[in-house]
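[1] I would like to see how this sequence folds:
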Amino acid sequence: AGKGKVDAYNAANDLIGSDSSNADFTIEVVKITAPNGGDSLTSGVSTTIDYTLNSTVTPVSSITFSFSVDNGVTWRLIETVTSGFAPGANSYDWTPVVNKTKTSCKVRIVLMSATGATLATDVSDKVFAIAM
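    Residues are numbered from 1 along each chain as shown. Alright, predicted model coming up:
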């Protein structure tokens, strides 16, 4: 999060106005839209992880999908994908599997560059359930 400033220039390149943000803001590079809290999934039944991906200066080389059954304390790798995503709305097919009903689940998405640097990450806003 940070503050921003916008400067306006006319055709002669003269500064004609300026403004700064009143509060910190965040630019979202990736945003999970489902499951994002309050959802009820079923173990062994296919669903999708829906997310919005915005353009990045450094190209996204891979996306890692993980899920947690303990509100994000520990994470289980679902898969790392290296293709099939682009800026805009995306979805990833996922079949969650648990051995008993879990009610404190979240998903996490991590965007990585070709050098392995983390470009962005997002986690479900609230917990969801995976039922047996």
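[2] What's the local residue count around residue 128?
    22 (other C-beta atoms under 10 Å). Bear in mind the C-beta positions are built from the backbone N, C-alpha and C, glycine included.
[3] Give me the secondary structure label for residue 8.
    Following DSSP: H, G, I helix; E, B strand; the rest coil, the label given to residue 8 is strand.
[4] Model confidence at residue 31, what's the number?
    Listed pLDDT for residue 31 reads 95.
[5] nope, residue 116 is what I was after
    For residue 116, the predicted pLDDT is 92.
[6] same deal with residue 22?
    Residue 22 carries a pLDDT value of 81.
[7] That one: which element?
    Under DSSP states H and E, no helix or strand contains residue 22.
[8] How about residue 48?
    Using DSSP H and E, residue 48 falls within strand 47-53.
[9] Buried residues, that strand. List them.
    Using 16 or more other C-beta atoms under 10 Å as the test for burial, strand 47-53 gives 47, 49, 51, 53.
[10] who's in contact with it?
    For strand 47-53, the surrounding residues in contact (C-beta atoms under 8 Å, 6 or more residues apart in numbering) are 28-35, 41, 60, 65, 85-96, 107, 109, 111, 122.
[11] who does the helix or strand following it touch, helix- and strand-wise?
    Later in the chain than strand 47-53, the nearest helix or strand by DSSP H and E is strand 62-68. Judged by 3 or more C-beta pairs under 8 Å, 6 or more residues apart in numbering; DSSP states H and E, the packing partners of strand 62-68 are strand 76-81, strand 88-94, strand 102-112.
[12] ok, 10 Å please
    Packing contacts for strand 62-68, counted by 3 or more C-beta pairs under 10 Å, 6 or more residues apart in numbering; DSSP states H and E, involve strand 47-53, strand 76-81, strand 88-94, strand 102-112, strand 118-123.
[13] who wins for proximity to residue 5 among these?
    For residue 5, the closest of those is strand 118-123, at 22.5 Å, according to C-beta to C-beta.
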